[in-house]
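**Q** Give me the fold of what follows.
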Amino acid sequence: EVQLVESGGGLVQAGGSLRLSCAASESTFDDYAIGWFRQAPGKEREGVSCISSFDGSTYYTDSVKGRFTISRAAGQNTVWLQMNSLKPEDTAVYYCKADVYVTGRYSTVGWGQGTQVTVSS
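**A** The predicted model follows:
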């Protein structure tokens, strides 16, 4: 299992920005697709964004399009989630997840422990 560590969470006012990081010590980190998920109190965990290991293609859930940007740099073993124009409804614990593509399907190889993001109104 891959050990992922998130950082960068905190308390910010509405309209502010945070940059989350998802890091691992694995030398094969570039081979993993990385997804960001979040879970607010009393709600189910939802997918926020992900980035491919093949071509860097990205996905965003509708509620964060135009505000969040996911990125990675080859060889740095880190994926970032830049969050701008934050809203109180973005408040949640944010988790990153690593998937590896093997024999035609993605398999999850690790989750981080989560980082709290709180947006005050």
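**Q** only C-alpha atoms for contact and neighbour calcs from this point on.
**A** OK.
**Q** all helices of the chain, in order?
**A** Taking DSSP state H, the chain contains no helices at all.
**Q** who touches stretch 25-40?
**A** Contact partners of stretch 25-40, identified using CA atoms under 8 Å, 6 or more residues apart in numbering, comprise 2-3, 45-54, 74-75, 77-79, 81, 91-101.
**Q** If you average the pLDDT over that stretch, what comes out?
**A** Across stretch 25-40, pLDDT averages out at 91.
**Q** quick one: the strands in this structure?
**A** 5-7, 10-13, 18-23, 32-39, 46-51, 58-60, 68-72, 78-83, 92-102, 105-111, 115-120 (DSSP state E).
**Q** Which of those strands has the highest mean neighbour count?
**A** strand 32-39 (a mean of 23; mean count of other CA atoms under 10 Å).
**Q** CA atoms only for that one, dumped as PDB, please.
**A** What follows is strand 32-39, C-alpha atoms only, in PDB (Å, rounded to 0.1, in the frame of the first residue of the first chain):
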ATOM      1  CA  TYR A  32      -0.500   6.600 -10.200                       C
ATOM      2  CA  ALA A  33      -3.600   8.400 -11.000                       C
ATOM      3  CA  ILE A  34      -4.400  10.700  -8.100                       C
ATOM      4  CA  GLY A  35      -7.800  11.800  -7.000                       C
ATOM      5  CA  TRP A  36      -9.000  14.300  -4.400                       C
ATOM      6  CA  PHE A  37     -12.100  13.600  -2.400                       C
ATOM      7  CA  ARG A  38     -13.800  15.500   0.400                       C
ATOM      8  CA  GLN A  39     -16.200  14.600   3.100                       C
END
